[in-house]
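Chemist: quick one: sequence and predicted model below, then my questions.
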Amino acid sequence: MLRWLVGSLAVLALGFPLFAREGTVITKDGHSYPGDVTVKGDTVEIVSPGINGPIGIKMANVDKIQYVDDLSAEVKTGLAKLDKRDVKSRIALAKVAVEGKAYDAARAVLLDAQAIEPANREVADMLVQVNRHLAPASQPSPGPAPAVPDPNPAPAPATRPGTEPYVAKREVTPEEINRIRQLEWRKDEPLPIKVRIDGDTKRKYIASDPSITAAEFAKLPPDQQGAMILLNGKPDLYPGVHVESDPVTVLEFRKNVQRVIVQGCATAGCHTAGKAGSFSLVAANNDAAIYTNFLVLQKYSKTIPPKAGDPATAKGTQRIVVDRAYPDQSLLLQYMLPSDLADTPHPAAPGYKGAVKTKSAPGYAQVAHWIGELNPIAPDYSIDLSKDPPKKEAKEGK
């Protein structure tokens with residue numbers, strides 16, 4: 001499970017420098033602060049983009065400092081140790097690099113994985129995300145696609161981040177809600193998660209895992225059993241793990257963000273089905289609506305027209321509605337503001353003056369906090385709302 005590799009990448013600065021280095025400070029309570037890091041005696045200072053003045057944190061409250069250059073070197077070493085055909089481990093390694101903002105190293109690992117499996121959708125999706133955070137000069141010039149035949153080509157994803165338009169033609173199913181909950185469920189979840197597991201799923205998992213006996217497994221609470229199956233079990237077991245409560249990311253969305261987008265975006269004549277182009281939300285507050293909106297916001301992106309006289313934006317700029325790595329650049333936040341306060345104003349719409357009046361408004365702060373708490377890498381939900389839901393497979397014996 002790459003424990004040796006991930007463990008070695010948790011880089012703790014032992015010889016603290018007195019000059020700034022790009023990195024991420026991770027505190028003992030689990031918060032992350034990326035930026036230019038300088039250690040001054042018993043305090044570490046972080047200068048982050050978009051924040052006025054340095055953030056000061058006492059060293060006693062710091063769990064670790066992860067420097068980008070150190071992490072990049074560790075990633076390169078880790079890549080050399082992997083089996084030549086091990087794409088899964090390369091994806092895991094790239095995720096560690098992205099979490100530490102080592103985007104160049106992440107791209108190198110993903111390109112290596114893509115050379116092994118050119119049709120791998122997860123690798124392609126991650127490359128799109130990583131390339132957004134690299135300066136244009138550092139990105140490779142586009143070349144012809146690798147001419148490697150695939151005997152079993154995967155279907156092209158219709159809703160990959162970075163492609164548009166993303167048109168949701170239906171709401172999520174109960175099975176898809178369960179999958180979103182599984183993927184958003186964190187191992188350090190601060191709230192209890194209610195989990196129910198099918199008996200057949202338990203039996204199959206125990207039979208497949210020689211490291212635990214049936215008696216040992218039975219002693220674990222349901223949430224630990226479910227987490228173990230999702231971490232170590234095969235994908236065919238996932239549907240049998242029913243997560244019956246909201247993970248914290250969805251709970252915060254339900255409480256604070258859904259209300260804002262329903263009142264400000266999904267009102268009549270705005271972003272409801274058939275209105276305002278391809279970006280559609282559901283103006284309701286049931287589970288299906290909440291999880292549908294949660295997913296749509298993760299998937300949708302838009303090309304922003306070029307700015308007059310700015311050669312850097314001559315071809316337009318690709319922006320995403322929810323930018324997990326750089327929350328303040330999220331179109332959701334930009335479009336909430338009045339046009340005179342937004343760096344990227346909402347497209348002209350009759351009567352729309354912004355969902356909030358200023359950045360200090362509670363609604364804006366709540367949405368910004370929610371985006372900032374999301375994992376920097378969006379999960380691969382494998383849910384396409386532009387198509388009919390997958391057909392349910394008939395159970396054996398029926």
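Modeler: Done, it's in.
Chemist: any stretches of the stretch 201-350 of the chain with poor pLDDT?
Modeler: 264-279, 306-318, 350 (pLDDT under 70).
Chemist: what are the ranges of the helices in it?
Modeler: Using DSSP state H, counting those that start in this stretch, the helices of the stretch 201-350 of the chain run over 214-219, 222-232, 248-252, 258-264, 287-299, 331-336.
Chemist: export these to a markdown table and tack on distance to residue 69 and mean neighbour count?
Modeler: (Glycine included, C-beta is placed from N, CA and C.) Formatted as a markdown table, these follow (distance: least, Cβ to Cβ, whole Å; neighbours: other Cβ atoms under 10 Å):
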| stretch | distance to residue 69 | mean neighbour count |
| --- | --- | --- |
| helix 214-219 | 43 | 11 |
| helix 222-232 | 31 | 18 |
| helix 248-252 | 31 | 19 |
| helix 258-264 | 39 | 19 |
| helix 287-299 | 31 | 22 |
| helix 331-336 | 30 | 22 |
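Chemist: turn those helices into a markdown table, columns for distance to residue 65.
Modeler: Formatted as a markdown table, the helices of the stretch 201-350 of the chain follow (distance: least, Cβ to Cβ, whole Å):
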| stretch | distance to residue 65 |
| --- | --- |
| helix 214-219 | 38 |
| helix 222-232 | 27 |
| helix 248-252 | 25 |
| helix 258-264 | 35 |
| helix 287-299 | 30 |
| helix 331-336 | 28 |
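Chemist: quick one, which of these is nearest to residue 22?
Modeler: In terms of Cβ to Cβ, the element of the helices of the stretch 201-350 of the chain nearest to residue 22 is helix 331-336, at 24.1 Å.
Chemist: buried set for the following helix or strand past the closest one?
Modeler: Tracing the chain past helix 331-336, the next element assigned as helix or strand by DSSP states H and E is helix 362-373. Across helix 362-373, burial judged by 16 or more other Cβ atoms under 10 Å covers 363, 364, 366, 367, 368, 370, 371.
Chemist: kindly report the same for stretch 110-122.
Modeler: Quick answer for stretch 110-122 (16+ other Cβ under 10 Å): 110, 112, 113, 114, 117, 118, 120, 122.
Chemist: report the contact partners of residue 242.
Modeler: 178, 195, 196, 197, 198 (Cβ atoms under 8 Å, 6 or more residues apart in numbering).
Chemist: show me what it is bridged to.
Modeler: residue 196 (DSSP bridges).
Chemist: how close does it sit to residue 221?
Modeler: 15 Å (Cβ to Cβ, to the nearest Å).
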